[in-house]
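1. Following is a predicted model, sequence given first.
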Amino acid sequence: MLIETGLGLLVSSAMLTSIRTNNMPDKKKIEKIFEYTKTWVTTQGNDIKKPQFIREDNITADEKVIGIEYVYRLPLGMPFKKLEYLNENVGVFKDGLHKNVEIDFNEGMMHLNVYEADLPKSWDYVDEKLEGWKVPIGKTYKELIMHDFDSTPHLVGGGTTRYGKTNLVKGIITSLIINHPEDVELYLIDLKSGVEFYRYRNLKQVQMVATNVAETYDLLTEVMLKLEVEKGYYRDNGWSNVIESPIKKRTFVIIDEAGDLVPESFMDKDEKDMHKECQWMLSHIARIGGAFGFRELFFSQYTTADVLPRQIKQNCDAKISFKLQNGYSSEVVLGEGNTQAADLEKIPGRAMFKDGATMHKLQVPRIYDKQMEKLLQDHYVTKRKDITDEQQADGDTNELIQIRDID
Ligand SMILES: Nc1ncnc2c1ncn2[C@@H]1O[C@H](COP(=O)(O)OP(=O)(O)OP(=O)(O)O)[C@@H](O)[C@H]1O
């Protein structure tokens, strides 16, 4: 059986425009696109086998019809990857139908989901109780996507500046604290001089906030020591993974701008070594820590291989990318062949989220600082290093005192 090659490259924009401008039903347009892109296989006897239409169903969300799912059986020998490429990288269905189209494949069937509406341009974070270690990541056309930090311990993220990385991290921090006030420990690294995270230092769940590389070194050294202690404890109890153990605690290391950990040529040896050791410790925590309840969120606007070390990427099965300048940067975050983040609309909060092999286009919830302060107001405490000299003279240094305001 011979497979036609050069799929999407043969389709001209004139062909797609002709589809778009007449009133042809979507199903017919889809089949025209198969034809124009030579989406078929030919047998040795020169028979042409095309995707076979099976059925169409309404797609509903909140009891409203938001689109139609077209299901096709692919002929043997036709790789779904090519259709996925045509849709996601070339955009033939979206351009031809002039609608948003998602494509997936299961049990031998290709599902083309054609949506009438676009994703929301913005939606507000909603405070809700979630089971396990799930946090909301964003809304797709049809559902709210959660990330479960117990199924996939670490998350890597990238995106051009001002497209919403910090907002996502703030939403995740809020969700973790609201849902696990007694069990979550947070180590925050904010190399933008602490302008975003330093204000959270007095949250009970926040163990340390680092605002420069020297502080990051100390913070990561502490996490490494904790990891060593946990490893011994697990070994002594015969546990191989936190999920199988009775341990409820999870320790999150969150870094908002990992680009500042890259050693530069102008730095002296000691400084370079400190940067390299920070990178190494982050890689080590991502590689070893997952089984022992350590979770890492690793974000940067610089999407190059030296900023996102291979070891971190290999150990982070969940990836999120906001708008990026080019396909190469998108591939650095989302993996080879995944150039979609370059084609995202210029909308803050719009992102591609890859969870294992599944890719979603979604809109991340917007969380406002005031909303976050309100949601977390009961979790602020006075920490020992913030206690005044006067209190120390009174010997009032041991207890953590509720009530302190954020700043
Ligand atoms: N999910 C969202 N929905 C709507 N607007 C958003 C969303 N996320 C961010 N924004 C808007 O974009 C602005 C920048 O967001 P944010 O600070 O999170 O970006 P960033 O990628 O972290 O930028 P930088 O790299 O400069 O830190 C916010 O102030 C807000 O106005």
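-> Arrived safely, thanks for sending.
2. Kindly report the residues of this structure close to the ligand.
-> Taking Cβ under 6 Å from any ligand atom as the contact definition, the chain meets the ligand at 122, 159, 161-167, 301, 348-349, 364, 366. No exception for glycine: its C-beta is placed from N, CA and C like everyone else's.
3. mind running it again at 8 Å?
-> 121-123, 138, 159-171, 192, 196, 256-257, 299, 301, 322, 347-350, 363-367 (Cβ under 8 Å from any ligand atom).
4. Cross the residues you listed against helices and list the overlap.
-> Using DSSP state H, the members of the residues of the chain next to the ligand that fall in helices are 165-171.
5. Mark which of these are buried, thanks.
-> When burial is judged by neighbour count using 16 or more other Cβ atoms under 10 Å, the buried members of these are 165-171.
6. contacting residues for Leu219?
-> 187, 189, 208, 210, 253 (Cβ atoms under 8 Å, 6 or more residues apart in numbering).
7. Most neighbours of all these, which one?
-> Ile189 (29 neighbours; other Cβ atoms under 10 Å).
8. Spit out the contact partners of it.
-> For Ile189, the contacting residues are 197, 209-210, 216, 219, 253-256, taking Cβ under 8 Å, 6+ apart as the criterion.
9. May I have the predicted confidence score for it?
-> Predicted confidence (pLDDT) for Ile189: 97.
10. For the nearest residue to it once chain neighbours are set aside, the count of nearby residues, please.
-> In space, and not counting its chain neighbours, Ile189 is closest to Ile255: 4.1 Å by Cβ to Cβ, 6 or more residues apart in numbering. Other residues within reach of Ile255 by the criterion other Cβ under 10 Å amount to 26.
11. Could you do Tyr198 as well?
-> 17.
12. give me phi/psi at Leu155?
-> phi -140, psi 130 (degrees, to the nearest 10).
13. circling back to that earlier point, and the two most separated of the contacts of Ile189?
-> Across the contacts of Ile189, the two members that end up farthest from each other (Cβ to Cβ) are Leu219 and Asp256, 13.1 Å apart.
14. Report the closest residue of the chain relative to the ligand.
-> Among residues of the chain, the one nearest the ligand by Cβ to the nearest ligand atom turns out to be Gly349. It sits 2.4 Å away.
15. doesn't Ser122 make contact with that residue?
-> Yes. With contact defined as Cβ atoms under 8 Å, Gly349 reaches Ser122; the gap is 6.3 Å.
16. overlap in contacts of the two?
-> Overlap between the neighbourhoods of Gly349 and Ser122 consists of 363, 366, taking contacts as Cβ under 8 Å, 6+ apart.
17. most centrally placed residue in this protein?
-> Against the mean C-alpha coordinate of the chain, by Cα atoms, centre = their mean, the closest residue is Ile320 at 2.8 Å.
18. number of nearby residues for the residue lying closest to Tyr234 once chain neighbours are set aside?
-> Take Tyr234 and drop its neighbours on the chain: the residue closest to it by Cβ to Cβ, 6+ apart is Phe292, 6.0 Å away. The number of residues packed around Phe292, counting by other Cβ under 10 Å, is 24.
19. same deal with Thr304?
-> Here the number of neighbours of Thr304 (other Cβ under 10 Å) works out to 13.
20. Repeat that for Leu220.
-> Other residues within reach of Leu220 by the criterion other Cβ under 10 Å amount to 25.
21. gap between Asp104 and Glu230?
-> Using Cβ to Cβ, to the nearest Å, one obtains 38 Å as the distance from Asp104 to Glu230.
22. So for the two, which residue has more residues nearby?
-> Set side by side, Asp104 and Glu230 show unequal neighbour counts under other Cβ under 10 Å, the larger going to Glu230 at 21 against 16.
23. gap between the more buried one and Val213?
-> When distances are taken as Cβ to Cβ, Glu230 and Val213 turn out to be 25 Å apart.
24. do the same with Gly159
-> Distance, Gly159 to Val213, using Cβ to Cβ: 22 Å.
25. how about low-confidence regions in this structure?
-> Under the criterion of pLDDT under 70, the regions of the chain flagged as low confidence span 1-22, 384-407.
26. Now do the helix ranked longest in the chain: distance to the chain's middle.
-> Among the elements of the chain assigned as helix by DSSP H, the one spanning the most residues is helix 213-237. Using Cα atoms, centre = their mean, to the nearest Å, the mean C-alpha position of helix 213-237 is found 25 Å from that of the whole chain.
27. which parts of that helix are buried?
-> 213, 215-217, 219-220, 223-224, 226-227, 230, 234.
28. what do you get for stretch 247-258?
-> Residues of stretch 247-258 classed as buried under the neighbour-count rule (16+ other Cβ under 10 Å) are 247, 250-258.
29. And for stretch 327-343?
-> Residues 327, 329-334, 338-343 are the ones in stretch 327-343 that count as buried (16+ other Cβ under 10 Å).
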